[in-house]
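Q: Predicted structure and sequence below. I'll ask about it afterward.
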Amino acid sequence: MTDSGPLYLTDEFIRNNKLLKLDKLIPVIQNAMASVSKNDEVIQPPRTIMNIPSLNGALLSMPAFCKYDDALACKLVTAYPKNADKGLPSVQGTVLLFDSTTGKVCAIMDGIEITTWRTAAASAVATKYLHNGTAVLAILGSGTQARSHAETLDYCFNFQQIRIWNHKYEGAQTLTKELTAKGKNAVAYHSVEECVQDADVIVTATFASSPILKGKWIKPGAHINAVGAGINHHSELDVDLYKLACVYTDTMASAETELKGLLEEGMTIEEVGDIINGTKSADRGMITVFQSLGMAVEDAVSAKLIYEEYKKIKK
Ligand SMILES: NC(=O)C1=CN([C@@H]2O[C@H](COP(=O)(O)OP(=O)(O)OC[C@H]3O[C@@H](n4cnc5c(N)ncnc54)[C@H](OP(=O)(O)O)[C@@H]3O)[C@@H](O)[C@H]2O)C=CC1
Ligand SMILES: O=C(O)C1=NCCCC1
């Protein structure tokens, strides 16, 4: 019996062959978020986060199984915030996709495309279920996640204006120019306060280790997708903002450890999946925060989608 070994799909191949298109990815991520909040459909142990302080880096191990998509996978991902100095992405990874019936590895995939788009897709789903307005999008940060969030949220909600702030203004200008070249009404800002004033939807996607976004700047009813993980996953927003808002996350199992600081402040946190499933209802008049942690099941269902799309083009 011959075995040619697992398929290997690079980020470039996934990107060039459009194996992760938003119209297919968003429903798959929505279903994964909903499934997490139904007890029997996802197996996803809290991820291992190995911080390496001497190197200013971290390695995360993220296994998951999703019954609905029959997706069994494990992502290993690193976060090295200073990598831009070396011309490398800050977040890099590899996803192993397994045959769930035998445990055999069927594909090895680079993890940048998956991480980039599944994170933005999760924010889009959260925005859809927690918010009504759609006029102004403000993005804090101008890196990979800022880009994918601009594209994905605009694809879903067709914003009238996209505002960009970055701690280095040149980054905001560069992303603004890219968006303008794609026909968007995009504006770069020097000040966070001005950038988020009257914004309907805000994204924070930075490595900031102390708050960059304050509650007093946010208009009532605005929705925030807090994506960045600096020192921890809740370092970009000030405590006043969390106190003003209804706070949601993707999985409480990870929140117990990764959002311990917020829980210890007495904050109530709920899963977006419960809102999708209709088992809880969102108060849409309130400021809402989706504290995105990132889930292994999102990687698993994205890898499965890529694999299925790959099989179609190879037929
Ligand atoms: N929730 C989730 O599922 C995921 C979360 N993440 C997190 O999202 C964040 C962004 O990741 P990604 O876009 O891939 O990274 P990038 O390196 O591509 O972008 C990082 C952005 O943060 C800015 N930045 C860096 N340091 C600071 C600082 N001290 N204060 C304010 N801004 C800063 C950078 O600006 P400049 O380049 O000009 O220095 C850049 O705009 C990270 O925290 C990452 O860990 C990533 C993947 C998934
Ligand atoms: O979910 C992920 O993938 C990540 N989350 C936090 C930082 C790095 C990647």
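A: Good, I have the coordinates. Residues are numbered from 1 along each chain as shown. Ligands and ions are numbered 1, 2, ... in the order given.
Q: drop to CA atoms for contacts and neighbour counts, all remaining ones
A: OK.
Q: in stretch 171-190, what's buried?
A: 171-173, 175-177, 179, 184, 186-190 (16 or more other CA atoms under 10 Å).
Q: Now the spatially most central residue of the chain: which helix or strand?
A: Centroid check for the chain by CA atoms, centre = their mean gives residue 119 as the closest residue, at 2.2 Å. Element membership for residue 119 (DSSP states H and E) is helix 112-130.
Q: which outside residues touch that helix?
A: 11, 14-15, 20, 22, 25-26, 29-30, 33, 91-94, 144-145, 148-149, 152-153, 156, 201, 223, 225, 272, 275-276, 282-284, 288, 290, 292, 294, 298-299, 302-303 (CA atoms under 8 Å, 6 or more residues apart in numbering).
Q: For the residue in the chain that ligand 2 sits nearest to, give its distance to residue 217.
A: Relative to ligand 2, the nearest point of the chain is residue 294 (3.5 Å; CA to the nearest ligand atom). Distance, residue 294 to residue 217, using CA to CA, to the nearest Å: 26 Å.
Q: Repeat that for residue 163.
A: 15 Å.
Q: Neighbour count for the two, which is higher?
A: residue 163 (24 against 16; other CA atoms under 10 Å).
Q: Could I get the contacting residues of residue 214?
A: 237-238, 240-241.
Q: and these, which are buried?
A: For the contacts of residue 214, a burial check counting by 16+ other CA under 10 Å picks out 237-238, 241.
Q: Just the ones of these in strands?
A: Here DSSP state E is the test, and the buried ones among the contacts of residue 214 give no hits in strands at all.
Q: out of the residues you listed, who's nearest ligand 1?
A: For those, the nearest to ligand 1 is residue 237 (11.6 Å; CA to the nearest ligand atom).
Q: who touches that closest one in this structure?
A: By CA under 8 Å, 6+ apart, the contact list for residue 237 reads 210-215, 226.
Q: same question for stretch 293-300, mean pLDDT?
A: If you average the pLDDT over stretch 293-300, you get 98.
Q: so where is the stretch 1-150 of the chain shaky, pLDDT-wise?
A: Low-confidence segments of the stretch 1-150 of the chain (pLDDT under 70): 1-2.
Q: The stretch 201-315 of the chain: strands as residue ranges?
A: 201-204, 223-226, 246-249, 269-271, 288-291 (DSSP state E, counting those that start in this stretch).
Q: okay, these in CSV with distance to residue 311 and mean neighbour count next?
A: Putting the strands of the stretch 201-315 of the chain into CSV (distance: least, CA to CA, whole Å; neighbours: other CA atoms under 10 Å) gives the following:
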stretch, distance to residue 311, mean neighbour count
strand 201-204, 35, 27
strand 223-226, 34, 27
strand 246-249, 33, 22
strand 269-271, 34, 22
strand 288-291, 34, 27
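Q: Out of the contacts of residue 237, which comes closest to residue 72?
A: residue 226 (27.3 Å; CA to CA).
Q: Tell me, how many residues neighbour residue 307?
A: What residue 307 shows, counting by other CA under 10 Å, is a neighbour count of 21.
Q: How about residue 167?
A: Per other CA under 10 Å, the neighbour tally for residue 167 reads 17.
Q: For it, which three-state class applies?
A: Classification of residue 167 by DSSP: H, G, I helix; E, B strand; the rest coil places it in coil.
Q: List the contacts of it.
A: Contacts of residue 167 (CA under 8 Å, 6+ apart): residue 141.
Q: residues from the stretch 151-300 of the chain in reach of ligand 2?
A: When proximity is defined as CA under 6 Å from any ligand atom, the stretch 151-300 of the chain approaches ligand 2 at 229, 293-295.
Q: Select from the residues you listed the one having the most neighbours.
A: Going by other CA under 10 Å, residue 295 tops these with 26 neighbours.
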